[in-house]
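Compute the structure for the input listed below.
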Amino acid sequence: MHAFEFYQPTAITFGPGTEEQAGAKAAQLGAKRVLVVYGGESAKRSGLLDRVLASLEEAGLAHETFGGIHPNPRLFQVREGVQKALDFGADLVLAVGGGSVIDAAKAIALGAANPEGDLWDFWLRKRPVERTLPVGAILTISAAGSETSDTAVLTRDDTLVKRGLGSSLLRPKFAIMDPELTYTLPPFQVTCGVVDIMMHTLDRYFTSVTGNLLTDEIAEGLLRTVIACGRRAHQNSRDEQAMSELMWAGSLSHNDLTGLGAPKDFAPHQLGHELSARFDFAHGATLSAVWGSWARYCWETNPARFAQYGVRVWKLDPAGKGEDQLAQEAIAATVDYFRSLGMPTCFTELGCGVQSEAELEELARRCTFYGQRTIGTFRVLGYEDILEIYRLANH
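Residues are numbered from 1 along each chain as shown. Here you go, the predicted model:
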């Protein structure tokens, strides 16, 4: 086991009806004035928002709401939320929703604690994260893992630049997880979540450092669970066991537990971010659209790692097969699984069609921040590598 640091301060409350504990959890943190951030109208129609507000009132907490958070949250909305938090004097931000809402809540909490200067400077790494308001989360979509992660992703609306920010201070203080809140999700949203959960572990599993045996066991077990439960959830989003396992897997997949002892890769995430920023596609769909192309481009960097993944996760029979064959079969099994869930595996299936060479070049330039960075650690990828992966996906 290699050296690592692990910090997970988020208190988890898991089970049916736990959203009614929101007020008590906020009060335990000393909150007096809570800004409740949510997404679309479903939180209202379902009665969830009313239950949450009633819980806050029962705990004697003043509250204000800020709704309409866009999937792939936008900077302009966050700025509006920061102003609302400041005007209200919020001392805690409570997210009611999925990853986009939670990321927006984290950004609002950061901006409200640092009202001077430009909020976007944090995402440009021009300002260090030194303080933020506490954040709580009531999860309604199993996917992003933002309820326990140290990251927040925003898209700047005027330039369509999508950036992530990481800091231990961004981890929510508490997360309330009621699997029943996910039962009414449409199949596409469920399966986008399945892909995102898998990718948060795959982007840690495929790394330049190996030999972390327990970390591998945790990652492989989580992947097997998500694959099996993802099939069931795709068929029936009211499958209690499948949906509850996916909810917990989403949190574990992105709280760093599945990658301890090694650097993260996250190249497929960076490749997908440019697609969701440019075309506003669902995050999970962009990941499934590029992963196979990334894997086909990178597998020769360490065929043994892909072979291990195929045998341990996909239960491939290694008899009479070399590492190269097992690696390619593992990639095919993953892509076939995504396709079986109705998820896209190339640009045409994603919905943006075949892109021109000029568009691919621009996507690759944007992915490198116009020459300012490379991506990935399993295989370090520069502009030409990124462009070739986009070409492989462009059909």
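
distance between the helix or strand hosting residue 234 and the chain's centre?
Taking DSSP states H and E as the criterion, the element that holds residue 234 is helix 213-235. In terms of Cα atoms, centre = their mean, to the nearest Å, the centre of helix 213-235 is set 16 Å apart from its chain centre.

List the buried residues in it.
Buried residues in helix 213-235, counting neighbours by 16 or more other Cβ atoms under 10 Å, are found at 215-216, 218-223, 225-227, 229-231, 233-234. C-betas here are computed from N, CA, C, even on glycine.

can you list the weak-confidence ranges in the chain?
Scanning the chain for pLDDT under 70 picks out nothing.

separation between residue 35 and residue 217?
41 Å (Cβ to Cβ, to the nearest Å).

And residue 9, by the same measure?
For residue 9, the distance to residue 217 - Cβ to Cβ - is 25 Å.

Show me the strands in the stretch 1-150 of the chain, by range?
Using DSSP state E, counting those that start in this stretch, the strands found in the stretch 1-150 of the chain span residues 11-14, 33-38, 62-66, 92-97, 135-139.

among those, which is nearest residue 53?
Relative to residue 53, the nearest member of the strands of the stretch 1-150 of the chain by Cβ to Cβ is strand 62-66, separated by 6.0 Å.

Give the pairing partners of the closest one; include direction for each.
Sheet pairing here is set by DSSP bridges, and for strand 62-66 it gives strand 33-38 (parallel).

Could you give the separation of the partner strand from the chain centroid?
21 Å.

Stretch 128-147 too?
11 Å.

Tell me which residues of that stretch come out buried.
Quick answer for stretch 128-147 (16+ other Cβ under 10 Å): 129, 132-147.

Keeping just the C-alphas, turn it into PDB.
C-alpha atoms of stretch 128-147 as PDB (Å, rounded to 0.1, in the frame of the first residue of the first chain):
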ATOM      1  CA  PRO A 128      -6.800  29.800  -2.700                       C
ATOM      2  CA  VAL A 129      -9.800  28.300  -1.000                       C
ATOM      3  CA  GLU A 130      -9.400  29.300   2.600                       C
ATOM      4  CA  ARG A 131     -12.900  29.600   3.900                       C
ATOM      5  CA  THR A 132     -16.500  28.800   2.900                       C
ATOM      6  CA  LEU A 133     -19.900  28.500   4.500                       C
ATOM      7  CA  PRO A 134     -20.900  25.000   5.600                       C
ATOM      8  CA  VAL A 135     -22.900  23.000   3.000                       C
ATOM      9  CA  GLY A 136     -25.400  20.200   3.600                       C
ATOM     10  CA  ALA A 137     -26.900  18.000   0.900                       C
ATOM     11  CA  ILE A 138     -30.100  16.100   0.400                       C
ATOM     12  CA  LEU A 139     -29.400  13.700  -2.500                       C
ATOM     13  CA  THR A 140     -32.000  13.000  -5.200                       C
ATOM     14  CA  ILE A 141     -29.900  11.600  -8.000                       C
ATOM     15  CA  SER A 142     -27.200   8.800  -7.600                       C
ATOM     16  CA  ALA A 143     -24.400   9.900  -9.900                       C
ATOM     17  CA  ALA A 144     -21.900  12.600  -9.300                       C
ATOM     18  CA  GLY A 145     -20.900  11.800  -5.700                       C
ATOM     19  CA  SER A 146     -20.700  15.500  -4.900                       C
ATOM     20  CA  GLU A 147     -22.400  14.900  -1.600                       C
END
